[in-house]
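> the following comprises the amino acid sequence and a computationally predicted model.
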Amino acid sequence: QVQLVESGGGLVQPGGSLKLSCAASGTILSIDVMGWIRQTPENQRELVATITTDGRTNYVESVKGRFAISRDNAKNTVYLQMNSLKPEDTGIYYCKADRVYLGGETEYDVWGQGTQVTVSS
């Protein structure tokens with residue numbers, strides 16, 4: 001069974017930076033697309049960024065130029081560097097893996113438990 005564990009959230013002032021990490025554990029051969037989804041205080045869910053195995057990235061318009069997603073395939077870990085944070089970036093950030101290959105089986109749509117990011121002065 002695969003588990004995703006996020007870390008790196010916290011309270012930061014507007015204009016500040018945070019780096020989120022998400023590590024996948026289990027007997028993993030490879031992971032397809034990984035991404036970050038945030039849930040706002042108004043309970044809206046938004047796909048923030050995704051990255052493929054070979055490093056192709058995609059971002060929601062509101063974070064382009066401020067956030068950067070990356071991954072380390074050897075460590076089964078994905079990161080989200082968040083710069084120039086704004087109060088509207090506040091939310092719970094979830095890591096997600098679309099397909100995780102475990103050899104004899106595949107797990108789909110694996111989510112982490114979420115990490116809180118609060119941007120406030």
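Okay, I see it. Quantities reported herein were computed from a predicted structural model and do not represent experimental measurements. Numbering: from 1, shown residues only.

> contacts only, for residue 20.
The contact partners of residue 20, by C-beta atoms under 8 Å, 6 or more residues apart in numbering, come to 6, 7, 8, 9, 36, 79, 80, 82, 93, 95, 115, 117. No exception for glycine: its C-beta is placed from N, CA and C like everyone else's.

> got it, and residue 18?
Contacts of residue 18 were listed using C-beta under 8 Å, 6+ apart, and they are 8, 9, 10, 12, 82, 85, 117.

> could I get those in TSV, plus columns for pLDDT?
Rendered in TSV, the data for the contacts of residue 18 read as follows (pLDDT from 0 to 100):
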residue	pLDDT
8	97
9	96
10	97
12	98
82	98
85	98
117	98
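
> neighbour-wise, which of those leads?
Each of those was scored by neighbour count (other C-beta atoms under 10 Å); the top score is that of residue 82, with 26 neighbours.

> who does that residue form a beta bridge with?
residue 18, residue 67 (DSSP bridges).

> and it, how far is that from residue 11?
Distance, residue 82 to residue 11, by C-beta to C-beta, to the nearest Å: 13 Å.

> what's the answer for residue 32, then?
Counting by C-beta to C-beta, the gap between residue 32 and residue 11 amounts to 33 Å.

> end to end, how far does stretch 112-121 reach?
28 Å (C-alpha to C-alpha, to the nearest Å).

> now stretch 65-74
End residues of stretch 65-74 are separated by 27 Å (C-alpha to C-alpha).

> centre of the chain versus that stretch, how much separation?
Distance of stretch 65-74 from the chain centroid (C-alpha atoms, centre = their mean, to the nearest Å) equals 9 Å.

> check which helix or strand the most centrally placed residue in the chain maps to.
For the chain, the residue whose C-alpha lies nearest the mean C-alpha position (C-alpha atoms, centre = their mean) is residue 36; its distance is 3.0 Å. Taking DSSP states H and E as the definition, one finds residue 36 inside strand 34-39.
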